[in-house]
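Engineer: Okay, here's the prediction I keep looking at, along with the sequence it came from:
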Amino acid sequence: MLSRRRFLVWVSSAVPIALVARRTDALAAAWIADDAATLRALAEAILPSELGREGAARVAREFQRWIDNYREHAELVHGYGTSALRYAPPSPRAKWSAQLAELREIVGAPLASRREIVRARLKDVRTDRMPAVGAASHVAVALLSFYYQRSEATDLCYRAQVGREQCRPLSASSRAPLPLAGGRVETSR
């Protein structure tokens, strides 16, 4: 039986650990603010050049928002026909933060040099397919995965307004998608 005294000792010893864990998480949450320029430089180096600087910066900001809103252990939508519950894995924020810090040298470097540096850093990363964003082993692969799961990436790939996973009327299903205006991805989505 647990006495009141032992319970209070246990609770009081657990509080500092919780505060340290929250402080560590708060420090990790600020990782992108310190390396926003690095993330933009990385996006310009690895994302399709058709996006341009503004498009790459926009994707970098949206990726930043994604990781800032990532909730580890959140319940995920289960697949059709199964009742098995799945939960989000632990946040990759700390690992990606360290990798982003190692890439700071690409800020201000010419685009060709940035691509070579990133290529060298990814030479040992093995993937046979594009992983889920949160499961990516490297921040560069996560950024690529984040971009390529989007509708605008499919549109750019086919150079047409495919609108993957967007609702279209049934009457439009037999019509071929319209071409992209000037080969550029629309940024108003």
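Structural biologist: Nice, I can see it. Numbering: from 1, shown residues only.
Engineer: What are the boundaries of the helices in this protein?
Structural biologist: In the chain, the helices defined using DSSP state H lie at 4-29, 31-34, 36-46, 52-68, 93-102, 111-121, 139-148, 151-158.
Engineer: Show the model's pLDDT score for V9.
Structural biologist: As predicted, V9 sits at a pLDDT of 67.
Engineer: cool, the one 4 residues further on as well?
Structural biologist: S13 carries a pLDDT score of 68 in this model.
Engineer: what do you get for S97?
Structural biologist: Confidence score, pLDDT, at S97: 91.
Engineer: gap between it and L39?
Structural biologist: Distance of S97 to L39, given as Cβ to Cβ, to the nearest Å: 11 Å. Using the backbone N, CA and C atoms, a C-beta is placed for each residue, glycine as well.
Engineer: for L178, same thing?
Structural biologist: According to Cβ to Cβ, L178 and L39 sit 32 Å apart.
Engineer: The two: who's more crowded?
Structural biologist: Higher neighbour count among L178 and L39: L39, with 25 against 10, using other Cβ atoms under 10 Å.
Engineer: List the contacts of the residue lying closest to that one once chain neighbours are set aside.
Structural biologist: Leaving aside its sequence neighbours, L39 sits nearest to A60 (Cβ to Cβ, 6 or more residues apart in numbering; 4.7 Å). A60 sits next to A36, L39, R40, L42, A43, L143 when contact means Cβ atoms under 8 Å, 6 or more residues apart in numbering.
Engineer: Please report the distance of A60 from N69.
Structural biologist: Separation of A60 from N69 (Cβ to Cβ) stands at 15 Å.
Engineer: Check what pLDDT the residue nearest to L39 gets.
Structural biologist: For A60, the pLDDT comes out at 95.
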